[in-house]
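Undergrad: Have a look; sequence and predicted model below, questions after that.
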Amino acid sequence: MSIVAPMLVISLIIYAGLFGLFIYLVILIIRALKKYIRSKDVRAEKSVLKQNLGEVLKDLRTKNKMTQEFVAETIGVSRQAVSKWESGECDPSTSNLIALAKLYGTTVEEILQSIKQ
């Protein structure tokens with residue numbers, strides 16, 4: 001009988017700790033969701049900028065009558081990378097942007113200034 005009481009207290013302490021940990025995790029998740037919801041405008045603005053950069057790159061490529069495959073081979077990337085840049089899924093690195101500008105006969109500044117704000 002004397003062993004049962006301390007074991008009961010220890011198990012209650014463990015369960016209380018686990019319950020506290022669970023509550024703490026729920027609070028963290030709620031805070032993260034609130035922050036994510038509040039960042040909707042920022043996420044929307046970033047996606048618009050990416051789309052616009054992609055549109056600018058696609059326009060330059062088509063004006064120069066080049067295929068995605070030709071552009072990819074010329075600057076040393078995959079055709080899928082060029083496709084992702086033009087669709088706005090991701091942005092080219094600085095060195096790739098410089099290579100694209102040279103290939104299209106323009107400057108990086110002109111490409112970036114063509115992006116609608």
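TA: Good, I have the coordinates.

Undergrad: for the chain, what's the longest helix?
TA: helix 4-38 (DSSP state H).

Undergrad: what about that one, average pLDDT?
TA: With pLDDT averaged residue by residue, helix 4-38 scores 93.

Undergrad: Would you mind identifying the next helix or strand past that helix?
TA: helix 40-63 (DSSP states H and E).

Undergrad: Which residue is the nearest non-sequential neighbour of the residue most central in space within the chain?
TA: Centroid-nearest residue in the chain: residue 90, 7.6 Å away (criterion: C-alpha atoms, centre = their mean). Computed as C-beta to C-beta, 6 or more residues apart in numbering, the closest residue to residue 90 that is not its neighbour in sequence is residue 84, at 5.0 Å. For every residue, glycine as well, the C-beta is placed using N, CA and C.

Undergrad: Now do the one you found against residue 97, distance only.
TA: 14 Å (C-beta to C-beta, to the nearest Å).

Undergrad: again, but for residue 45
TA: 20 Å.

Undergrad: show me the residues around residue 33 that make contact.
TA: By C-beta atoms under 8 Å, 6 or more residues apart in numbering, the contact list for residue 33 is empty.

Undergrad: What separation is there between it and residue 42?
TA: 16 Å.

Undergrad: what do you get for residue 85?
TA: Distance from residue 85 to residue 42, by C-beta to C-beta: 21 Å.

Undergrad: Give me the more crowded residue out of these two.
TA: residue 85 (25 against 9; other C-beta atoms under 10 Å).

Undergrad: Please name the nearest non-neighbouring residue to the more buried one.
TA: residue 92 (5.0 Å).

Undergrad: my guess is the one you found meets residue 101, correct?
TA: No. Contact status for residue 92 versus residue 101: not in contact, 10.1 Å apart, counting by C-beta atoms under 8 Å.

Undergrad: more crowded one of the two?
TA: More crowded of residue 92 and residue 101, by other C-beta under 10 Å: residue 92, with 21 against 18.

Undergrad: helix/strand/coil for that one?
TA: Secondary structure for residue 92, judged by DSSP: H, G, I helix; E, B strand; the rest coil, is coil.
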